[in-house]
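Engineer: just the structure for this:
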Amino acid sequence: MAERTGRRGVPPQAASGGKRARVLAALLCGAAVLLPAGGGSWAQGVTDAHPFAMRSIDTISVRITNPTGDPAYDDRMVDNVRRAMGLFPGSAFSDDRMRFALAAVRRNPAVQSVDYDVLPSATGGVDLAVSFSLGDQAQPARGRGMAVSGDPGDFPLIVDHNGTMLRFKLDALGLYYANNNAWYGRPDLMLSGNPMVEGRPSGRGYDDWTEAYLHYGVYGITPLSESLSLYGGLSAITSGSFGQELFTDETRSYTFFEDAYVGIVGGGVDARGNRLAFNVTAGRQRFTLSNGFLIANTAANGGERAALQANARWASDFLALAQISYNDTKFEAFYLDPDELPILDTKTRILGLNLETRPLSGLSLGTSYLSVPRSDSRYFGPTGTVVGTREGAGALRRTPQLPAEPGGQRRPVLRGRDRPADQPQFRHGRPRRLGRAGLQPARGALVADRQLSRVLFLGRRPRHLDL
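Structural biologist: Sure thing, here's the model as predicted:
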C-alpha cells in the first residue's frame, strides 16, 4: 500500500515537524530583532551601565540657575531640593537612582527643570553637580502673600519675604457614617460600665450619623540669623456630631486649641554637601514616632469632643522635642503628655529616645527606647486582680499593689476573708468600688499601651520626620 502523504507529498509527521521548525525560527528572528533594544535596556536597568556606576559620591553641589533675588527663599529652595533627592556624600552613585531623585525634585511646583553632571573626583569617586531652574510659581523679588500684593488670590499665604513666612491654615472635613447591629446588637452587654456611654448607644438595627470639623489657625517662621530660624503655630478645632453615634445619641459640638507651640530650627551644609540640621520645639503639637508603630496619634477623640470617627484631634497636651540629623541619620529625644479624654485620663507621661538611619536606598533602620515615669493605668490578671501598672516603665510587680495611702505606704491586694471592706472588688477584669450607690466602675483607659519598648523598624523612611 502506498504511504499516505501530506501537502506536496510530505509525510504528515514530517510536515508537522517542519511547521514547528518554521515557527521556532520565526520566534528566534523576532527575538534577534528585539533584543538589541529591549535586552540592552533591561541589562542597563539591572547593572546600571553608567561609566561611573557604584563609585562613591565625594561632593554634591546644588545651585539655582535663575535666582529670585530673595536669598532666604533661594536657600530654602536649595535645601528642599537636597532633601527631595535624599543623596549625600558617601552614597554610591547610580544613574537610575539619580533619575528617581530628580523625579522627586520635579514634583515641587516651583521647580521648572532640573539636571545634573557627574565628573570623576581626585580621590577616585565622583563629584555630583545638580542645577535647577525656577518656574512661574517661584518667589518674586518683592515677596508674595496677601499682605504684600493685596491680592485675595494669594490666600492662604499672608506673607513670604526675606525668609519670613506667615500662612493661614483652614481644613474642613464632613463625614457620614453608619452601622448595622453595632456591638453585635447587644450594647447592654458590650458597653456595660463603659464611661463613654451617654444617653442611648448604637445597637440592634441600622444607625447613622454625620460628623464634621473645622481646623483653623496661623503658622509662621522667621530667620534669627543666617542658619537659625524661629517658628511656631497656633490653631483651634471646632468639631460636631449629629445623630446616633456608637456611644451616644446626643448631638454635641466642641471647640478647643489644637496646636500651640514654638521652636527653633537650624543647620547648614558643608563644602562637600553634608547636611547637618537640628530642631528644638515645645508646646501643644502632633507627634508621630517613626512610622507610627509605637506612637501615632497623641490625642483622643469622641466623648464630649465629638467627631469620633473623623478623628479630628492629633496634638498632645504637651511635647518637648529635640532632634538632630546628619545626612541620613537622625537622633531625637522627647517628653510627651498625651491629650486624653478627661473621663479616661490615665495621667500617662512618656520619655523616649529614637535613632534612625538609612544605610541603603529604600531601607530604614531604627531603634527606640520608651519609659513611662507616670501613669495611673493598671493591668489586670485573668482573675481580675491588679498585677501591675504602667508607671515605672510598666515593670510588672510580683505582688499586686494599690495606690499609696496618705501616709505613703502601699497596701498589697488581699483576697477572700482578708480583704478589707474598703478595698476594690475585681469582677470580669474590671475594678469596682462599693458605695452607697452600689457598684460603680473605676476609670479605664483608651490610650495605647506604652510599656518599656525596644523596637527595630524596617521600612521606608517617612517624609514627615525630615528636619
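Engineer: which residues touch the closest residue to Ala300 other than its chain neighbours?
Structural biologist: Of all residues not flanking Ala300 in the chain, Leu341 sits nearest, at 4.5 Å (C-beta to C-beta, 6 or more residues apart in numbering). No exception for glycine: its C-beta is placed from N, CA and C like everyone else's. For Leu341, the set of contacting residues under the criterion of C-beta atoms under 8 Å, 6 or more residues apart in numbering consists of 300, 302-305, 446.
Engineer: now the buried members of these.
Structural biologist: A residue is treated as buried here by neighbour count (16 or more other C-beta atoms under 10 Å); on that basis the buried members of the contacts of Leu341 are 300, 302-303, 305, 446.
Engineer: hmm, which two among the residues you listed are most spread apart?
Structural biologist: Considering C-beta to C-beta, no two members of these lie farther apart than Arg305 and Leu446, which are separated by 12.1 Å.
Engineer: give me the residues contacting whichever strand or helix holds Val78.
Structural biologist: Element membership of Val78, judged by DSSP states H and E, is helix 71-85. For helix 71-85, the external contacting residues (C-beta under 8 Å, 6+ apart) are 60, 62-64, 67-68, 101-102, 104-105, 107-108, 110-111, 114, 130, 132, 134, 138-139, 160, 162-164, 223, 269, 273, 275, 466.
Engineer: re the thing from before, in TSV: the contacts of Leu341, plus secondary structure, distance to Asp74 and pLDDT.
Structural biologist: What follows is the contacts of Leu341, written out as TSV (DSSP: H, G, I helix; E, B strand; the rest coil; distance: C-beta to C-beta, whole Å; pLDDT from 0 to 100):
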residue	secondary structure	distance to Asp74	pLDDT
Ala300	coil	43	92
Gly302	coil	46	90
Gly303	helix	48	90
Glu304	helix	48	91
Arg305	helix	43	92
Leu446	coil	47	30
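Engineer: who touches the closest residue to Gly268 other than its chain neighbours in this structure?
Structural biologist: Taking C-beta to C-beta, 6+ apart, and ignoring the residues beside it in sequence, Gly268 has Ser227 as its nearest neighbour in space, at 4.9 Å. Ser227 is in contact with 266-268, counting by C-beta under 8 Å, 6+ apart.
Engineer: can you turn the buried part of those into a ChimeraX selection?
Structural biologist: Here is the ChimeraX command that picks out the buried ones among these, judged by 16+ other C-beta under 10 Å:
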select :266,267
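Engineer: distance check, the residue nearest to the spatial centre of the chain against Asn108.
Structural biologist: Averaging the C-alpha coordinates of the chain gives a centre point, and the residue nearest to it by C-alpha atoms, centre = their mean is Asn291 (5.1 Å). To Asn108, Asn291 is 24 Å away according to C-beta to C-beta, to the nearest Å.
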